[in-house]
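**Student:** need a structure here:
(one chain, ligands or ions: 2)
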Amino acid sequence: MQNIQAPKGTKDVLPSESHKWHYIEKTMREMCALYGARELRTPIIEHTELFLRGVGDTTDIVQKEMYTFTDKGNRSITLKPEGTAGMVRAFIENRLFNEPMPQKLYYLNSPTFRYEKPQAGRLREHHQFGIETVGAFTPETDAEVILLALSLFKKLGVGDLMLHINSIGCPECRKEYNAALRAYLSEYINEMCETCRSRFEKNPMRIIDCKEEKCRNIVKNAPRTIDYLCDSCKRHFEGVKACLDAAGAQYVIDPDIVRGLDYYTGTVFEVISNRIGAQGAVCAGGRYNGLIEELGGQSIPAVGFGMGMERLLAVMEANEVVFPEPEGTEVYFAAQGEAPRMKAFALVQQLRENGVSAEFDHMERSFKAQFKYANKLGARFTVAIGEEELERGMVKIKCMADGEETEASLDDIVRYFK
Ligand SMILES: [Zn+2]
Ligand SMILES: [Zn+2]
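**Tutor:** Ligands and ions are numbered 1, 2, ... in the order given. Down below sits the predicted model:
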């Protein structure tokens, strides 16, 4: 019979790698605490309707990439393809708008599913970290969210990054922009992919982030949102830039960023790494002032970003970041013979109950093999217990780093390590 393999585009995190994840998660939590953000956990599944309305039914994500199924109750359910819609749903449903504003909410290690082409190195299940600041409209808020991402990269030792920012305007400036975009695109309608042809009337901006080669060539010279901003959007964007300047953050204005989700308004941004090839965005986000209302809440502004954690890990490795090693076993008890083995077993349990990591032989190995194993575990100390030691009530504690030996009484050993 053939072995069962993990589904295409999914990845196991092995024990030899998981400490890297722990380090990243811990750093993210600490950073969020510094910025006053609190964790909001939402389910992996949501009603499909949420993403049709939230992400937008003409986006690539919704039209091509979602994992959608009908459950036994005949409901259409979708595995989260991004983090924001679920956060906003939970914000409205749990009436978090009754709490003091703004609400800074983060999610971490959140499984995210998109039916992508795995040959491009893209995962179908990946994990996201993200923050959403809800309730504040000021440019400072956009800048703060961006700076949280930059601080995190700095803390994690990731360099060689560039912040790209743009503004895609509000519904007010979008009218004029869409008209200009349609006028430009109308000449190329027959050259576009089928999906984009259907987007032309409904939502021409989504043609700009189509991944099809022929569509990408068409939009190269398309009008840019930044040239169509209304006064209020212009002022806001200037404000964001001024805040980034005040904080000493480097950035470039990148009119090509439109983000492939309908909910964005105004500021959009990406943090690009020069170390991981063409699709180097390691963090992306923006402002979404219309989404909460679109999903049935009040008109409340918000801004946030999402960050793929696998990609972050890849960038950290490309930056040759040294991860803190996980703490190994403190004490290994090597024992031979029935009574000594039982003694070792009991001592290990006592030490663990006192908060000291300890290990014993599970395999009835020889003394020599047990010491070899202790070495592999990276045990800081080893204690050998044979019949003789048991009789005398004294054992030798060996420090593995320098080979130095100390004698101690068996009765005293828990206190010794504590
Ligand atoms: Zn505007
Ligand atoms: Zn297309």
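**Student:** quick one: name whatever helix or strand follows the longest helix along the chain.
**Tutor:** In the chain, taking DSSP state H as the definition, the longest helix is helix 15-34. Using DSSP states H and E, the helix or strand that follows helix 15-34 towards the C-terminus is strand 38-39.
**Student:** name the residues that touch that following strand?
**Tutor:** With CB atoms under 8 Å, 6 or more residues apart in numbering as the test, strand 38-39 has contacts from 29, 32, 103, 104, 105, 106, 107, 108. Quick note: C-beta positions are derived from backbone N, CA and C, even for glycine.
**Student:** would you agree the first one is in contact with residue 109?
**Tutor:** No: because the distance of 10.4 Å does not satisfy CB atoms under 8 Å, residue 29 is recorded as not touching residue 109.
**Student:** isn't residue 116 right next to residue 9, touching?
**Tutor:** Yes: between residue 116 and residue 9 there is a contact under CB under 8 Å: 6.6 Å.
**Student:** give me the common contacts of those two.
**Tutor:** 122, 123, 124.
**Student:** ligand 2: which of these is nearest?
**Tutor:** Nearest to ligand 2 out of the shared contacts of residue 116 and residue 9 is residue 122 (CB to the ion; 18.2 Å).
**Student:** in stretch 274-292, what counts as buried?
**Tutor:** 275-276, 280-292 (16 or more other CB atoms under 10 Å).
**Student:** quick one: end-to-end length of that stretch, please.
**Tutor:** 34 Å (CA to CA, to the nearest Å).
**Student:** can you name the residues that contact the residue in the stretch 1-150 of the chain positioned nearest to ligand 2?
**Tutor:** Using CB to the ion, the single residue of the stretch 1-150 of the chain nearest to ligand 2 is residue 60, 8.6 Å away. For residue 60, the contact set (CB under 8 Å, 6+ apart) comprises 195, 206, 209, 210, 211, 260.
**Student:** most neighbours of all those residues, which one?
**Tutor:** For the contacts of residue 60, counting by other CB atoms under 10 Å, the largest number of neighbours falls to residue 206: 24 neighbours.
**Student:** residues contacting the single nearest residue of the stretch 251-400 of the chain relative to ligand 2?
**Tutor:** Proximity of the stretch 251-400 of the chain to ligand 2 (CB to the ion) peaks at residue 260, 11.6 Å away. Each residue near residue 260 by CB under 8 Å, 6+ apart is listed here: 59, 60, 61, 206, 209.
**Student:** nearest to residue 373 among the residues you listed?
**Tutor:** Sorting these by how near they are to residue 373, with CB to CB, puts residue 61 at the top with 49.0 Å.
**Student:** now the element after the helix or strand bottoming out on mean pLDDT in the chain, going C-ward?
**Tutor:** Least confident helix or strand of the chain, by mean pLDDT, DSSP states H and E, is helix 60 with a mean of 87. Next in sequence after helix 60, counting helices and strands by DSSP H and E, comes strand 68-70.
**Student:** around ligand 2, which positions in this protein sit nearby?
**Tutor:** 193, 196, 210, 212, 215 (CB under 5 Å from the ion).
**Student:** just the buried residues out of these, in ChimeraX syntax.
**Tutor:** Here is the ChimeraX selection string for the buried members of the residues of the chain next to ligand 2, based on 16+ other CB under 10 Å:
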select :193,196,210,215
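**Student:** in helices, which of the residues of the chain next to ligand 2 appear?
**Tutor:** 196, 215.
**Student:** just the closest residue of the stretch 301-418 of the chain to ligand 1, please.
**Tutor:** For the stretch 301-418 of the chain, CB to the ion, closest residue to ligand 1: residue 301, 12.9 Å.
**Student:** against residue 246, how distant is residue 240?
**Tutor:** For residue 240, the distance to residue 246 equals 11 Å [CB to CB, to the nearest Å].
**Student:** and if you look at residue 235?
**Tutor:** From residue 235 to residue 246 the distance is 16 Å (CB to CB).
**Student:** once you drop chain neighbours, what's closest to residue 404?
**Tutor:** residue 398 (7.4 Å; CB to CB, 6 or more residues apart in numbering).
**Student:** partners of the strand or helix carrying the one you found, with directions?
**Tutor:** With elements taken from DSSP H and E, the one containing residue 398 is strand 394-399. Strand pairing for strand 394-399, using DSSP bridges, gives strand 381-385 (antiparallel), strand 405-409 (antiparallel).
**Student:** show me what secondary structure element comes after the last one.
**Tutor:** Per DSSP H and E, the first helix or strand lying C-terminal to strand 405-409 is helix 413-417.
**Student:** which secondary structure elements does that next one contact?
**Tutor:** helix 338-353, strand 394-399 (3 or more CB pairs under 8 Å, 6 or more residues apart in numbering; DSSP states H and E).
**Student:** can you rerun that using 7 Å?
**Tutor:** Judged by 3 or more CB pairs under 7 Å, 6 or more residues apart in numbering; DSSP states H and E, helix 413-417 is in contact with helix 338-353.
**Student:** contact residues of the chain facing ligand 1?
**Tutor:** 169, 170, 172, 173, 230, 233.
**Student:** of these, grab the buried ones for PyMOL.
**Tutor:** To isolate the buried ones among the residues of the chain next to ligand 1 in PyMOL, judged by 16+ other CB under 10 Å, type:
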select buried, resi 169+170+173+230+233
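**Student:** mind giving me the domain ranges of the protein?
**Tutor:** With domains defined by automatic domain parsing, the chain comprises 15-170+230-318, 331-417.
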